[in-house]
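Engineer: show me how the following folds:
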Amino acid sequence: MAAMGRTLLVASLLVGSASLAHAQAPGDDYQEGTGAPGMIAPQPIVVETACDCIANVMDNRWAVGLSIGGTSLAPDSAPDAQANFNVGELALRFRATPHFELELAIGGGHQDLGDGTEGDTMIRTVALSARYRFMIHSHWNWWLMGGLGAATFGPEQASQGELDANQRPLFQLGVGLEHRWSQFALQAEIKGIGLGEPKGIASTDVKPATGSIGRTGPGDTVSGGSFTLGVGYYF
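Structural biologist: Residues are numbered from 1 along each chain as shown. Modelled structure (predicted):
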């Protein structure tokens, strides 16, 4: 009888413990993982990030650009004989890597005499350049560039043969800044320019205007710079 009594006592205690474990006070309903009764369940931390950037610059790897501006050149033997030109430039660009871009550009213009009129000296250029772009995913980005090409200048009345004889190798280094939206962009670029000796002696009876860069001799080198503003379209 004593043993049976002890067994009934133990069974009663176990049943009571189970009942207490499952008992809940009114209003204390909660689910597992939401915290203890009467406590506010912890909320997940949500971090919102805003990215004002271009998603992938390699989506549109080709671009065309149109720029206008000014170029100033002077013979290295006579720096005071500077000539200024109003120029325009058309460029085709290819993005080889996210940072590296190739550009083929042709340009030209006429001498600016400084009084609102144009001189009779013209300039033509063609160059293949490489650009290294920084901040490539930002709407504002900038680049360093360098290029090689050819330039010729002379009287507008000169023959093609005479202009070809005055063709010079062209070297340029520069820096540019661009604001790009999705496919449309605005840009500014400044370049330093060096021109080597002409490949031949132009035999022309047409003399350029006084002070024109066209008065340089066959052994003269030329240097100067340019500044342009332009638009671009990526496709």
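Engineer: list the contacts for Ile54?
Structural biologist: 136-139, 180, 182 (CB atoms under 8 Å, 6 or more residues apart in numbering). Quick note: C-beta positions are derived from backbone N, CA and C, even for glycine.
Engineer: in the sheet, who's paired with the closest residue to Asp80 other than its chain neighbours?
Structural biologist: Closest residue to Asp80 apart from its sequence neighbours, by CB to CB, 6 or more residues apart in numbering: Ala74 at 7.3 Å. For Ala74, the beta-bridge assignment (DSSP bridges) gives partners Ser223.
Engineer: re earlier: got a winner among the contacts of Ile54 for most neighbours?
Structural biologist: The residue in the contacts of Ile54 with the most neighbours, by other CB atoms under 10 Å, is Arg180 (20 neighbours).
Engineer: and it, what are its bridge partners?
Structural biologist: Ala185.
Engineer: quick one: the strands in the protein, in order.
Structural biologist: 62-75, 83-95, 100-112, 118-134, 140-155, 168-180, 184-195, 222-234 (DSSP state E).
Engineer: sheet partners, orientation included, of the fourth one?
Structural biologist: Spelled out, it's strand 118-134. strand 100-112 (antiparallel), strand 140-155 (antiparallel).
Engineer: cool, and the second one?
Structural biologist: If you go by DSSP bridges, strand 83-95 pairs up with strand 62-75 (antiparallel), strand 100-112 (antiparallel).
Engineer: list the buried residues of that strand.
Structural biologist: 83-85, 87, 89, 91, 93, 95 (16 or more other CB atoms under 10 Å).
Engineer: then the shortest one?
Structural biologist: The neighbour-count check on strand 184-195 (16+ other CB under 10 Å) flags 185, 187-189, 191, 193-195 as buried.
Engineer: Leu163: which of the buried residues of strand 83-95 is nearest?
Structural biologist: Phe85 (15.0 Å; CB to CB).
Engineer: quick one: contacts for the closest one?
Structural biologist: Residues near Phe85 by CB under 8 Å, 6+ apart: 70-73, 109-112, 121-123.
Engineer: Leu177 now?
Structural biologist: 140-142, 187-189.
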